[in-house]
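Asks: Predicted model and sequence follow; I will ask about them next.
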Amino acid sequence: MLQKTHDLEKALENSLFKVYYLFYTINIDLDVIMYIMYIYNNNVITGSDSLDIIISNSNGKPIYEQITSQIKNLIISGELKPGEALPSMRLLAKELRISVITTKRAYEDLERDGFIESITGKGSFVALQNSEFIREEHLRKVEEYLQNTIETAKIANISLEELIEIMTMLYEEGER
Amino acid sequence: MENVLEVKNLSKDYEGFHLQNVSFSLPKGCIMGLIGENGAGKSTTIKLLLNLIHRDGGDIQIFSKCNLTHEKAIKEELGVVLDESNFPDNLCARDIDLVMKSVYAKWDQNVFSSYLRRFALPDRKRVKDYSKGMKMKLSIAVALSHHPRFLILDEATSGLDPMVREEILDIFLEFIQDEEHSILISSHIISDLEKIADYITFIHKGKVMFSEVKDSLLEDYGILKCTHTEFDQLDKELIIGCRKNQFGVEALVRRKKLQGKFLIDSAGIEDIMLFHSRGAGR
């Protein structure tokens, strides 16, 4: 148990460092990093040896999208490591009690986005070189958060200058 | 993808009921749910697939072979469960094992007894003393014990309690782990199929209303909720079926065809089925 906790801590540290480094190189607000880390933290800490995918029927998102976003998160958080095998589409469908076509679509989307690679007759694996995609995925998220910020700012008539000021302040505060 | 089952323009005339030009196909490795209200033609279709009744027209191919000329070869690889247990009352599971051994060339006694154990079916008890759930489990055990590639089930889960249905669903999902295996299951209990089916074929009054990938059905259709005035302004072509009440209207629509901002809820398979038959009845 202790060993396992230790391993998880190491994995967490490792992935957090990678994420931090990634953001550092593209100069992204520390708060955003913290927020994203907060989300991914949950995955890393609660994660066990088995893959955790939870499907909600009441959340309006289609099931294949729920699968792709959760697997993406697991890959980004480092819980699923490059080269690691994913469960077969049929097994995933069986365990989640969903249609094989749904899992197939999810895997196809993940493959299209470069997160996984599928080899006929062997199965699907986490893609080896996906740091580019992870970066893009993060950028997309950052953009999304910033979009929300800007929308809120516009409602309150907060100017761009003010916004930048706040961001600079927050960013520097975070660095101290 | 190769089709395990292809039905083309199938028809059957009964007095007062006509199965008209039923066509659909099931790709290998998939589960298809055949849905429709009682008397819609689900069982007639299944009986025609099995050549239990004479057809009046059309063509059926199972494993890419004609179901009439290759009947024996096809049935050797087919697992069938009908809505009622058809085993003689006085036999016990052991007797059935012996009978089946001489029916199917590939009958596997080990598989059969492992299913009996799994389903907790006593092998010396007579079938007439079995409960309804036990009889159904026995039918399923028989259907699976000669290494079939294709399962055809007619109302196999109706009349069973949720625990047994769940157990049977698990069996189906295990069966489908082999990509060569396929399942056609008819049911009016939609919740079972809603979870596991890849394709849904809806039969209404002897006609196929649609035969589509389940996910795209759930994506395409939506339930529009609006006021009576809004409803009256809509193009009636867009409405598949509707339910009016004193305070508003609910209508089944195809999401993409509807322009503008409307309140559209997601529609389940059951809603789609209900509204379709309602619309068609107008």
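Replies: That came through, no problem. Numbering: from 1, shown residues only, chains lettered A, B, ... in the order given.

Asks: so B:I190 sits right up against B:G268, yeah?
Replies: Yes - counting by Cβ atoms under 8 Å, B:I190 does reach B:G268; the two are 7.5 Å apart. Yep, even glycine has a C-beta here, placed from its N, CA and C like the rest.

Asks: Alongside chain B, which residues does chain A contribute?
Replies: Chain A has residues A:60, A:62-64, A:90-91, A:93-94, A:97-102, A:105 near chain B, with proximity defined as Cβ under 8 Å from any Cβ of the partner chain.

Asks: Let's see that with 6 Å instead.
Replies: Listed as neighbours of chain B in chain A under the rule Cβ under 6 Å from any Cβ of the partner chain: A:R90, A:K94, A:R97, A:S99, A:V100, A:I101, A:T102.

Asks: Not counting its neighbours along the chain, what's nearest B:I264?
Replies: Of all residues not flanking B:I264 in the chain, B:G222 sits nearest, at 3.9 Å (Cβ to Cβ, 6 or more residues apart in numbering or on different chains).

Asks: Distance-wise, check the one you found relative to chain A.
Replies: Remark: distance between B:G222 and chain A (Cβ to the nearest Cβ, to the nearest Å) = 11 Å.

Asks: quick one: contacts of the helix or strand where that residue lies?
Replies: Assignment of secondary structure by DSSP states H and E places B:G222 within strand B:221-226. Contacts made with strand B:221-226 from outside it, assessed by Cβ atoms under 6 Å, 6 or more residues apart in numbering or on different chains, are listed as B:V249, B:E250, B:A251, B:V253, B:R255, B:F262, B:L263, B:I264, B:D265, B:A267, B:I272.

Asks: which residues of chain A fall in strands?
Replies: Assigned by DSSP state E, chain A shows strands spanning A:116-119, A:123-126.

Asks: Do you know the pLDDT at residue 40?
Replies: No chain was given, so I picked chain A. pLDDT recorded at A:Y40 is 51.

Asks: Correction: the question concerned chain B.
Replies: pLDDT for B:A40: 89.

Asks: same check, this time on A:E151
Replies: The predicted local distance difference test score for A:E151 is 88.

Asks: Please apply the same query to B:D13.
Replies: According to the model, B:D13 scores 92 on pLDDT.

Asks: mind checking how far whichever strand or helix holds it is from the chain centre?
Replies: Mapping B:D13 onto the secondary structure by DSSP H and E places it in strand B:3-14. Taking the mean of its C-alpha atoms, strand B:3-14 sits 14 Å from the chain's own mean (Cα atoms, centre = their mean, to the nearest Å).

Asks: That strand close to chain A?
Replies: No - with Cβ under 6 Å from any Cβ as the threshold, strand B:3-14 lies outside contact range of chain A, at a closest distance of 13.8 Å.

Asks: who does that strand pair up with?
Replies: Here strand B:3-14 is paired, per DSSP bridges, with strand B:17-27 (antiparallel), strand B:57-62 (antiparallel).

Asks: now the residue nearest to B:I264, which residues is it bridged with?
Replies: Partner residues in beta bridges with B:G222: B:V253, B:S266, with DSSP bridges as the criterion.

Asks: How much space separates it from B:I240?
Replies: With distances defined as Cβ to Cβ, to the nearest Å, the gap from B:G222 to B:I240 amounts to 10 Å.

Asks: So between the two, which is more surrounded?
Replies: More neighbours surround B:G222 than the other of B:G222 and B:I240, with 22 against 18 (other Cβ atoms under 10 Å in any protein chain shown).

Asks: pLDDT below threshold where in the chain?
Replies: As the question left the chain open, I've gone with chain A. For chain A, the stretches flagged by pLDDT under 70 are A:1-50, A:129-131, A:133, A:175-176.

Asks: Oops, wrong one, chain B.
Replies: Judged by pLDDT under 70, chain B has its weakly predicted residues at B:1, B:279-282.

Asks: Name the helix or strand for the residue found closest to B:I35 once you drop the neighbours it is linked to in the chain, please.
Replies: Excluding the flanking residues, the one nearest B:I35 by Cβ to Cβ, 6+ apart is B:F202, at 5.2 Å. B:F202 belongs to strand B:199-204 when elements are defined using DSSP H and E.

Asks: and the angle from the helix or strand following that strand to strand B:3-14?
Replies: Where DSSP H and E defines the elements, the next helix or strand beyond strand B:199-204 is strand B:207-213. The directions of strand B:207-213 and strand B:3-14 differ by 170 degrees, with axes from the mean of the first three to the mean of the last three Cα atoms, to 10 degrees as the criterion.

Asks: For B:W107, give its distance to B:K101.
Replies: For B:W107, the distance to B:K101 equals 5 Å [Cβ to Cβ].

Asks: Same check on B:L26?
Replies: Taking Cβ to Cβ, one finds B:L26 at 30 Å from B:K101.

Asks: Ok, B:H54 next?
Replies: Look at B:H54 and B:K101: by Cβ to Cβ, they are 30 Å apart.

Asks: The two: which has the busier surroundings?
Replies: Set side by side, B:H54 and B:K101 show unequal neighbour counts under other Cβ under 10 Å, the larger going to B:K101 at 15 against 8.

Asks: doesn't the more buried one fall inside a helix?
Replies: Yes - the assignment for B:K101 by DSSP: H, G, I helix; E, B strand; the rest coil puts it in a helix.

Asks: Could I have the buried ones of the residues of chain A next to chain B as ChimeraX selection syntax?
Replies: Remark: buried members of the residues of chain A next to chain B, expressed as a ChimeraX selection using 16 or more other Cβ atoms under 10 Å in any protein chain shown:
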select /A:90,94,99,100,101,102
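
Asks: Show me what from chain B comes close to chain A.
Replies: Taking Cβ under 6 Å from any Cβ, the part of chain B that reaches chain A is made up of B:L173, B:Q177, B:K195, B:D198, B:V213, B:K214, B:D215.
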